[in-house]
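Engineer: model the structure of this input:
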Amino acid sequence: MKLLVLGGTHHVGRAVVEEALARGDEVTTLNRGLSRSPAEGVEAIVADRYDQLAMSKALGNRIWDAVIDTWAWAPRVVRDTVELLSGRVSHYGYVSSRAVYQWPWPSGADETAPLVKGDPNSEDSTDYPAAKRGGELAVINAFKERALLARPGMILGPYEDLGRIPWWIRRIEKGGRILAPGPAETPLQYIDARDMALWMLSAAERGLGGAYNVGTLPGFVTIGELLYTIKEIVGSNAEFIWVEPDILEKEGFMLGMELGLRYPDNPKPSGIHDANVVAAHKAGLICRPLRETIADTWRWMQEEKNPKPHPVTPPPDVWFDSAKEQEVLQKFYS
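Structural biologist: Numbers count the residues shown, from 1 in each chain. Model prediction:
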């Protein structure tokens, strides 16, 4: 399959590229060329997606079997891109987000849940849910039933550029008493970027369209299993002190950032980690074991020494300050 990946150097985009190459696909990437070097084996095109003329010159009159787009900012950019590619690409996969659903998310909600408003012509990048929905609409308007919308929640795996799981891995590696966002049996729902990539590539080959929530089945793992798996893999002596969410919130921790488990005014993660993902699983989504995801992330972190989060991501110490952690442990659990 001839594949065009819009992005291709960071988390999801890099997963798409590497899985496609492993399958034997012919891969072209397009990005600004400002972050990581392109993966070996791809044809790398450099262009700024905000510049439609530059995009037109970069793409020329070429054709591809499929495109996968990870864009998360102004929807107008997606609109311009699909206009350029319409008639030259058979299938368009767009990595959207569960953020397109109106908040609060109902427990067990599927793809029929109410959506936020979005405008495919918008230049606004500040409203993430609206931007993703606008991007969805741009793709749907141009590709109709040949448009695939993947709606993940929390995304894990190598090349993670949000810094959440890498931060926890480093913190647990240090060992000692660790303030852990409890309770330990809290369900955790996520998707390994590589599993989503493989599913989207297969969907492109099959011509599968429509919107799908993508993630592990509810109850697949818990927050406790995640942290204890990290501890075992890195060989740490960490001792987890499980702290209830009301204490975390009262002490000023940014709930929702510590592991994507909770949002303000919603201390219980109902609706966040129990989305209905049956449709995607029936359509071929397969999720690898948590241990494999964590082990591969740890291996990547060692290879890249100390990978930095994406520049637009708040540094981890903003949402989980180590001094504050020790203060709370002393205050409540000494």
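Engineer: residues in contact with the nearest residue to residue 230 once chain neighbours are set aside?
Structural biologist: Nearest residue to residue 230, sequence neighbours excluded (C-beta to C-beta, 6 or more residues apart in numbering): residue 172, at 4.9 Å. Yep, even glycine has a C-beta here, placed from its N, CA and C like the rest. Residue 172 sits next to 178, 227, 230, 231, 234, 236, 238 when contact means C-beta atoms under 8 Å, 6 or more residues apart in numbering.
Engineer: please identify the buried residues of the helix or strand containing residue 172?
Structural biologist: In the assignment (DSSP states H and E), residue 172 maps to helix 164-174. Applying a neighbour-count criterion of 16 or more other C-beta atoms under 10 Å, one finds 164, 165, 166, 167, 168, 169, 170, 171, 172, 173 buried in helix 164-174.
Engineer: ok, stretch 11-24 next?
Structural biologist: Residues of stretch 11-24 classed as buried: 11, 12, 13, 14, 15, 16, 17, 18, 19, 20, 21 (neighbour count, 16+ other C-beta under 10 Å).
Engineer: check these and tell me the two furthest apart.
Structural biologist: Greatest spatial distance among these (C-beta to C-beta): 11 and 21, at 16.4 Å.
Engineer: shouldn't residue 15 be in contact with residue 158?
Structural biologist: Yes: taking contacts as C-beta atoms under 8 Å, residue 15 lies within contact range of residue 158: 7.5 Å.
Engineer: shared neighbours of the two, anything?
Structural biologist: 193, 194.
Engineer: excluding chain neighbours, what is closest to residue 180?
Structural biologist: residue 240 (4.2 Å).
Engineer: so what sits opposite the one you found in the bridge?
Structural biologist: Residue 240 has these beta-bridge partners by DSSP bridges: residue 178.
Engineer: now residue 26
Structural biologist: Under the criterion used (DSSP bridges), residue 26 bridges to residue 2.
Engineer: ok, residue 152 next?
Structural biologist: Under the criterion used (DSSP bridges), residue 152 bridges to residue 214.
Engineer: my read is that it contacts residue 212, right?
Structural biologist: No: in this structure, residue 152 is not within contact of residue 212 by C-beta under 8 Å, at 9.5 Å.
Engineer: contacts only, for the residue nearest to residue 180.
Structural biologist: Contact analysis of residue 240 by C-beta under 8 Å, 6+ apart lists 178, 180, 184, 224, 227, 228, 231.
Engineer: circling back to that earlier point, what's the closest of the contacts of residue 172 to residue 301?
Structural biologist: In terms of C-beta to C-beta, no member of the contacts of residue 172 lies closer to residue 301 than residue 234, at 9.6 Å.
Engineer: what's the burial count for the closest one?
Structural biologist: Applying other C-beta atoms under 10 Å, we find 19 residues neighbouring residue 234.
Engineer: excluding chain neighbours, give the residue nearest to it in space.
Structural biologist: Setting aside the residues directly before and after it, residue 234 is nearest to residue 173 in space (C-beta to C-beta, 6+ apart), at 4.6 Å.
Engineer: same thing with residue 55?
Structural biologist: Counting by C-beta to C-beta, 6+ apart, residue 47 is the residue found nearest to residue 55 once chain neighbours are left out, at 5.3 Å.
Engineer: isn't that neighbour up against residue 60?
Structural biologist: No: here residue 47 lies out of contact with residue 60, judged by C-beta under 8 Å, at a distance of 11.0 Å.
Engineer: between these two, which is the more surrounded one?
Structural biologist: Comparing residue 47 with residue 60 by other C-beta under 10 Å, the one with more neighbours is residue 47, at 19 against 9.
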